[in-house]
Structure formats: structure tokens, C-alpha cells
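Participant: no sequence on hand, only this structure:
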């Protein structure tokens, strides 16, 4: 996984020079359609996002403006959160905002078809609202970069495992 170095990334994405932004990329040997489905499969939610215990999805999830509740664990900070889908373009991009009493943050994914697979770019921000929340997050010794890399690693493993499954004869 690599981090970009320019101030602005292609397609208008903010570059890593934006304060508080962590961006990682990975190549997944699966179609954007399969990666999208893996990202939104409720069975994968606990593995993809161990720091978020999401309530069951509503029928409109992941459509933009759909919301969910979650219980969060960032380091030693525990909080309840409101999770809102900000942008959902199937097989292209997904963005959500998480906000709780002690923090706010965003998670964004871009899916780009490349060389028989998908380049997945994942960017995230996380901002504690006060010094106490920041202290509790730091005590957990898990950085935002580690969480982003975990999201991508699990997404890659799950999507590629599904892609390798034998297909029934047509």
C-alpha cells in the first residue's frame, strides 16, 4: 500500500497534504462491482470496521443521506456515533461521516478499474473534539494509518477470496 505525495490527487481527490488525512492504495484482483459488494456486505462489517459496531443497515443503506447508529471504540475512547452515507456511486466511490460526542471523521473509498482488477484508494480523517478524547485515542496506540491499512487488507482478502470461488457452469 502506498501513500500519494502530491497536493492534489487525480479526479479532484484531496492529496495527503490535507491536514489530518491518511490515504492508502491497494490493488485488488477483483472487479469494482465485486469490491463494492464486499465493502457493503453486512457480513463483512465487523471484520472491515472492528472499531465500529454498526446497527443493522436500513433498506436504503448505502445510498447518500442514509444513516446508521454505531458504538465505537477508538483506542480507549468509547462512544456512540451517528454514521451517515455522504456519497454512494456504485462501483466508483463511497464516503461516510462518523460523528460522536468526542470525535468526528470521514472514510472515503474510490474504486478505479485497472488491469483486470480494481485500484482501491481509501482516505480517512479522524478528529477528537477535545484533549481528553485525543488522550484516550492515543492511549490505545492504534493510529489512523493502521486502521486504514486494516480496512484495505480485509477488503482485499475478502473480495479476492470471493473472486477465486469456482463459478457454476453456464
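Facilitator: Here it is on my side, so go on. Keep in mind it's a predicted model, so treat the numbers as computed, not measured.
Participant: C-alpha from now on. contacts and neighbour counts both.
Facilitator: Fine.
Participant: contacting residues for the closest residue to residue 51 other than its chain neighbours?
Facilitator: Closest residue to residue 51 in three dimensions, ignoring its sequence neighbours and counting by Cα to Cα, 6 or more residues apart in numbering: residue 73, at 4.8 Å. Taking Cα atoms under 8 Å, 6 or more residues apart in numbering as the criterion, residue 73 is in contact with 51-52, 79.
Participant: turn the residues you listed into a markdown table, including neighbour count.
Facilitator: Putting the contacts of residue 73 into a markdown table (neighbours: other Cα atoms under 10 Å) gives the following:
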| residue | neighbour count |
| --- | --- |
| 51 | 16 |
| 52 | 21 |
| 79 | 17 |
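Participant: any idea what the residue nearest to residue 51 is bridged to?
Facilitator: Note on residue 73: beta-bridge partners by DSSP bridges are residue 78.
Participant: contacts for stretch 122-137?
Facilitator: 20-25, 74-77, 101-110, 144, 148, 152.
Participant: I meant stretch 138-152, not that one.
Facilitator: Residues contacting stretch 138-152 (Cα under 8 Å, 6+ apart): 1, 22-26, 48-49, 74-76, 120, 122-126.
Participant: CSV for the contacts of residue 73, including distance to residue 65 and pLDDT?
Facilitator: Shown next, in CSV, are these (distance: Cα to Cα, whole Å; pLDDT from 0 to 100):
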residue, distance to residue 65, pLDDT
51, 22, 91
52, 19, 92
79, 22, 92
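Participant: now, which of those sits nearest residue 44?
Facilitator: Within the contacts of residue 73, proximity to residue 44 (Cα to Cα) peaks at residue 52, which comes in at 11.9 Å.
Participant: show the pLDDT at the closest residue to the closest one other than its chain neighbours.
Facilitator: Spatially, and ignoring its direct neighbours in sequence, residue 52 is nearest to residue 72 (4.7 Å; Cα to Cα, 6+ apart). Here, the pLDDT recorded for residue 72 equals 93.
Participant: state the distance from residue 72 to residue 37.
Facilitator: Separation of residue 72 from residue 37 (Cα to Cα, to the nearest Å): 23 Å.
Participant: with residue 59 instead?
Facilitator: 15 Å.
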